[in-house]
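Colleague: just need the structure, nothing else, for what follows:
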Amino acid sequence: MGFRHVSNVVWAKRRKDGGPDGRGVGFYFRNVTELILLGVRGSTRTLPAARSQVNMIETPNASTHANPTSSTS
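Modeller: Numbers count the residues shown, from 1 in each chain. Prediction:
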């Protein structure tokens, strides 16, 4: 059995001064976010603490290949 999509997270890349990192590529817009898709297998339920998390991560963009290390602050 495969994965079932249940939610998504928006990763907003920020410059050191807090502004949007406008170096992204795109035809209509400069892409300054990444979409992270969350999938589950079976009937996995979240714990109450996880249900209070928001679906957005903001991190400074140090490199074009760097990934966020944590979704909690």
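Colleague: can you give me the neighbour number for Val9?
Modeller: 17 (other C-beta atoms under 10 Å). All C-beta atoms are positioned from the backbone trio N, CA, C, and that covers glycine.
Colleague: residues near Asp21, how many?
Modeller: With other C-beta under 10 Å as criterion, Asp21 counts 19.
Colleague: nearest residue to the middle of the chain?
Modeller: Centroid check for the chain by C-alpha atoms, centre = their mean gives Trp11 as the closest residue, at 3.1 Å.
Colleague: and that one, what helix or strand is that in?
Modeller: Here Trp11, judged by DSSP states H and E, is contained in strand 4-14.
Colleague: what packs against that strand?
Modeller: For strand 4-14, the elements it packs on are strand 33-40, strand 56-60, judged by 3 or more C-beta pairs under 8 Å, 6 or more residues apart in numbering; DSSP states H and E.
Colleague: and those strands: which comes nearest Lys16?
Modeller: strand 56-60 (5.8 Å; C-beta to C-beta).
Colleague: list the buried ones in that closest one?
Modeller: Ile57, Thr59 (16 or more other C-beta atoms under 10 Å).
Colleague: can you check stretch 8-19 too?
Modeller: For stretch 8-19, a neighbour-count test (16+ other C-beta under 10 Å) marks Val9, Trp11, Lys13 as buried.
Colleague: what sits against the nearest residue to the second one once chain neighbours are set aside?
Modeller: In this case it means Trp11. Closest residue to Trp11 apart from its sequence neighbours, by C-beta to C-beta, 6 or more residues apart in numbering: Glu34 at 4.3 Å. For Glu34, the contact set (C-beta atoms under 8 Å, 6 or more residues apart in numbering) comprises Val10, Trp11, Lys13.
Colleague: least confident pick among those residues?
Modeller: Checking pLDDT across the contacts of Glu34, the minimum falls on Lys13 at 83.
Colleague: contacts only, for that residue.
Modeller: Pro20, Asp21, Gly24, Val32, Thr33, Glu34, Thr59, Pro60, Asn61.
Colleague: now for this protein, the helix or strand with the poorest mean pLDDT.
Modeller: Least confident helix or strand, the chain: strand 56-60 with a mean of 86, by mean pLDDT, DSSP states H and E.
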